[in-house]
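S.K.: dropping a prediction and its sequence here:
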Amino acid sequence: MGKELKVQLEGILENQGLARAIAAAYVSQADPTVEELTEVKTAVSEAFSNAAIHGYGMKGGTVNMEFAFTSKDTVMIKIMDKGVGIENIAMAMEPLYTTDTGQNRSGMGFTVMESFMDRIKVDSKPGEGTAVTMIKKLDTYYGI
Ligand SMILES: Nc1ncnc2c1ncn2[C@@H]1O[C@H](COP(=O)(O)OP(=O)(O)OP(=O)(O)O)[C@@H](O)[C@H]1O
Ligand SMILES: [Mg+2]
């Protein structure tokens, strides 16, 4: 148990800032650098907005977020929705792949998550929802 945090919030874009702030507050416990904090916030933003936009089609629905330190300096973050799910996960994670038919999305969300976090795992089933698990080792370095 320890420092674990579980948060449930409505999957609407209005809550994206709150999701980022919660992630920042949690990770701050490990004394991250400003850069690491920005990376975590951005990755969480991408996963959360995907849940709201794609998972729930902008109609809202529950998003669960789980935070845990798997070691003193390694954080694990899980973002889950019970939305439409992803048919082909490997394809969805390809850079520039998007199912958005408008001009709004660039298809770079997963690529951003992958570049800012050390590991990312996507579990998803059509009709059941999506879980994105991200792990990042923080460069917590004390002294000279
Ligand atoms: N939570 C989710 N539920 C359902 N489908 C998802 C979810 N997350 C991602 N997807 C699918 O994976 C695709 C790729 O996601 P990604 O975040 O990389 O790009 P995007 O959201 O389309 O564009 P961007 O993030 O650059 O605005 C999406 O277009 C969508 O089809
Ligand atoms: Mg996206």
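M.R.: Received it, and whenever you're ready, just let me know what you need. Residues are numbered from 1 along each chain as shown. Ligands and ions are numbered 1, 2, ... in the order given.

S.K.: secondary structure element for residue 67, which one?
M.R.: strand 62-71 (DSSP states H and E).

S.K.: quick one: the helix or strand that that strand is followed by to strand 62-71, angle?
M.R.: For strand 62-71, the following helix or strand on the C-terminal side (DSSP H and E) is strand 74-81. Strand 74-81 runs at 170 degrees relative to strand 62-71, counting by axes from the mean of the first three to the mean of the last three Cα atoms, to 10 degrees.

S.K.: so what touches strand 74-81?
M.R.: By Cβ atoms under 8 Å, 6 or more residues apart in numbering, the surrounding residues in contact with strand 74-81 are 11, 23, 26-27, 30, 40, 43-44, 47-48, 51, 55-56, 61-70, 129-138. Placement of C-beta: from N, CA and C, glycine included.

S.K.: quick one: that strand near ligand 1?
M.R.: Yes. Shown here: strand 74-81 in contact with ligand 1 (Cβ under 6 Å from any ligand atom) through residue 81.

S.K.: report the strands that pair with that strand, each with its relative direction.
M.R.: strand 62-71 (antiparallel), strand 129-137 (antiparallel) (DSSP bridges).

S.K.: return the most buried member of those strands.
M.R.: strand 129-137 (a mean of 20; mean count of other Cβ atoms under 10 Å).

S.K.: can you tell if that strand touches ligand 2?
M.R.: No. Strand 129-137 lies out of reach of ligand 2 by Cβ under 5 Å from the ion, never closer than 10.5 Å.

S.K.: any residues touching that strand, and which ones?
M.R.: By Cβ under 8 Å, 6+ apart, the list of residues contacting strand 129-137 reads 36, 39-40, 43-44, 47, 50-51, 55, 70, 73-86, 113, 116-124.

S.K.: so how far is it from its chain's centroid?
M.R.: Centroid separation for strand 129-137 versus its chain: 6 Å, with Cα atoms, centre = their mean, to the nearest Å.

S.K.: cool, and stretch 13-25?
M.R.: Stretch 13-25 sits 11 Å away from the centroid of its parent chain (Cα atoms, centre = their mean).

S.K.: can you check stretch 126-135 too?
M.R.: On the basis of Cα atoms, centre = their mean, stretch 126-135 sits 10 Å off its chain's mean C-alpha point.
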